[in-house]
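A structural model of the following input is requested.
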Amino acid sequence: MRLPSEQLAAHLKRDLQPLYTVFGSETLLALEAGDRIRTRARAEGYSEREVLTADSGFKWSHLALAGSSQSLFASKKLLELRIPSGKPGKEGGEALQAYCKSLPPDTVTLVYVPDLDWRGQKAAWFEALERAGVAVEAKPVTRKALPQWIAARLAAQEQDADTATLDFIADRVEGNLLAAYQEVQKLALLFPKGAIAFDQVREAVLDVARYDVFNLGEIMLEGDPLRLARVLDGLQGEGTAAPLVLWSLSEEIRGIGKIIAGVNAGKPLSMMMREARIWGPSHQNAMQSNLRRFSLAQVTEALRHAALIDRMAKGLVRGDVWDELLQLALRFARNNPGTMKAQPQRRTSAAAFATHPALF
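The predicted model follows:
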């Protein structure tokens with residue numbers, strides 16, 4: 001059985017299973033999931049706690065031994081197994097499968113693994129853990145879902161804010177959920193219960209957003225020009241190399257072109273997205289929702305623009321590389337009817353424009 005971390009609290013109110021596996025890339029949500037499981041186990045009388053860490057020198061026979069050993073002081077035990085690498089190896093995989101076939105009585109087992117790719121989730125040992133208990137997935141909170149997540153956290157401390165204020169907070173903490181948690185907690189210390197005004201939040205919330213260059217293609221598809229500008233500014237401020245940003249955008253643009261060409265030839269969209277390496281439900285949904293806004297001619301011109309930016313980055317053409325990266329991304333936002341207001345303005349040098357007018 002698999003549960004997203006946001007459904008764990010409701011599950012624990014109804015039931016406590018003998019085995020839980022917490023995995024995923026969002027550290028804060030994984031830590032909170034573990035805390036919830038421990039709290040429920042203690043409430044049910046699982047007062048003894050034993051922690052095993054499967055590092056390079058770990059002997060997997062200790063897992064079976066820990067499960068079978070009885071305490072002199074408590075009849076129920078919480079056994080935690082941490083696998084920092086997410087790769088138990090052959091011996092560890094076999095030990096985990098054997099453990100799952102015969103879970104020890106009067107024991108709640110909590111297994112921690114880091115984020116696993118699809119291959120890791122198909123491994124026999126992980127599937128055994130999932131079948132024998134509950135796998136709790138700590139997925140990152142997307143930018144679209146972040147205001148609702150913040151609103152729920154505010155509600156838990158008996159505060160609330162309007163949509164504009166929630167969006168403002170989300171913009172300042174995007175990609176950094178631990179910072180978002182800390183900023184929401186800070187609001188509880190600074191202001192009384194009830195509604196929080198936008199001006200109060202603006203003065204209190206720091207800009208602690210973090211951006212992932214590998215999510216840039218999905219952000220470009222969504223077509224919000226102001227967010228594109230903010231993300232690119234953030235990547236530049238964090239010291240991300242411009243060629244890496246160009247590669248990320250170019251890969252997405254090539255993917256758009258490949259999908260359009262395939263769909264026009266009568267091939268299924270799902271097959272073309274696989275061929276274009278568009279992975280993940282949110283990325284695939286963004287592509288499916290926005291694909292009809294794009295054309296092959298648009299893709300061709302964008303790739304020419306990308307080639308120019310590559311020459312700029314190598315010092316062969318004068319111009320502002322980061323501004324051109326923004327203009328490249330905006331080629332796929334400007335024809336979005338919902339995002340035609342207040343678009344960032346170009347700062348392109350006159351020399352670059354005169355040399356390559358068709359690309360602008």
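
List the contacts of D160.
Contacts for D160 (C-beta atoms under 8 Å, 6 or more residues apart in numbering) come out as A151, L154, G194, A195, I196. Every residue, glycine included, has its C-beta placed from N, CA and C.

Let's see if you can find the most crowded of the residues you listed.
Using other C-beta atoms under 10 Å as the neighbour test, the contacts of D160 are led by I196, with 22 neighbours.

Just give the nearest non-adjacent residue to it, would you?
Closest residue in space to I196, ignoring its immediate chain neighbours: A161 at 4.9 Å, by C-beta to C-beta, 6 or more residues apart in numbering.

OK, contacts around that neighbour?
I150, A151, L154, I169, A195, I196, F198, V201 are the contacts of A161 under C-beta under 8 Å, 6+ apart.

can you redo those as JSON lines with pLDDT and distance to R210?
Below are the contacts of A161 laid out as JSON lines (pLDDT from 0 to 100; distance: C-beta to C-beta, whole Å):
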{"residue": "I150", "pLDDT": "95", "distance to R210": "16"}
{"residue": "A151", "pLDDT": "96", "distance to R210": "21"}
{"residue": "L154", "pLDDT": "96", "distance to R210": "21"}
{"residue": "I169", "pLDDT": "92", "distance to R210": "15"}
{"residue": "A195", "pLDDT": "94", "distance to R210": "29"}
{"residue": "I196", "pLDDT": "93", "distance to R210": "24"}
{"residue": "F198", "pLDDT": "90", "distance to R210": "23"}
{"residue": "V201", "pLDDT": "90", "distance to R210": "20"}
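
Return the subset of those residues lying in helices.
Under the assignment DSSP state H, the contacts of A161 contribute I150, A151, L154, I169, F198, V201 to helices.

tell me which of the contacts of A161 is nearest to G93?
G93 has its nearest neighbour among those in I150, at 39.3 Å by C-beta to C-beta.

low-scoring stretches of this protein, by residue?
Along the chain, segments meeting pLDDT under 70 span 70-74, 334-360.

at 50 instead, please
Within the chain, the stretches with pLDDT under 50 are 338-343, 345-360.

Which of the helices or strands spans the most centrally placed residue in it?
For the chain, P140 is the residue whose C-alpha lies nearest the centre (C-alpha atoms, centre = their mean; 3.3 Å). Using DSSP states H and E, P140 falls within no helix or strand.

ok, now which ones touch it?
By C-beta under 8 Å, 6+ apart, the neighbours of P140 are S25, E26, L177.

So the last one sits against E32, correct?
No - the pair L177 / E32 is not scored as a contact, 10.3 Å apart, by C-beta atoms under 8 Å.

For M1, which non-adjacent residue is closest in space?
Nearest residue to M1, sequence neighbours excluded (C-beta to C-beta, 6+ apart): V134, at 5.0 Å.

isn't that neighbour right next to Q7, touching?
No - with contact defined as C-beta under 8 Å, V134 does not reach Q7; the gap is 10.1 Å.

if we can go back for a sec, which one among the ones in helices among the contacts of A161 gets closest to Q298?
For the ones in helices among the contacts of A161, the residue nearest Q298 by C-beta to C-beta is I169; the value is 34.4 Å.

Who is the residue nearest to R2 when sequence neighbours are not counted paired with across the strands?
If you skip the residues right next to it in sequence, R2 has A135 as its closest partner in space, 4.6 Å away by C-beta to C-beta, 6+ apart. Beta bridges link A135 to R2, T21, judged by DSSP bridges.
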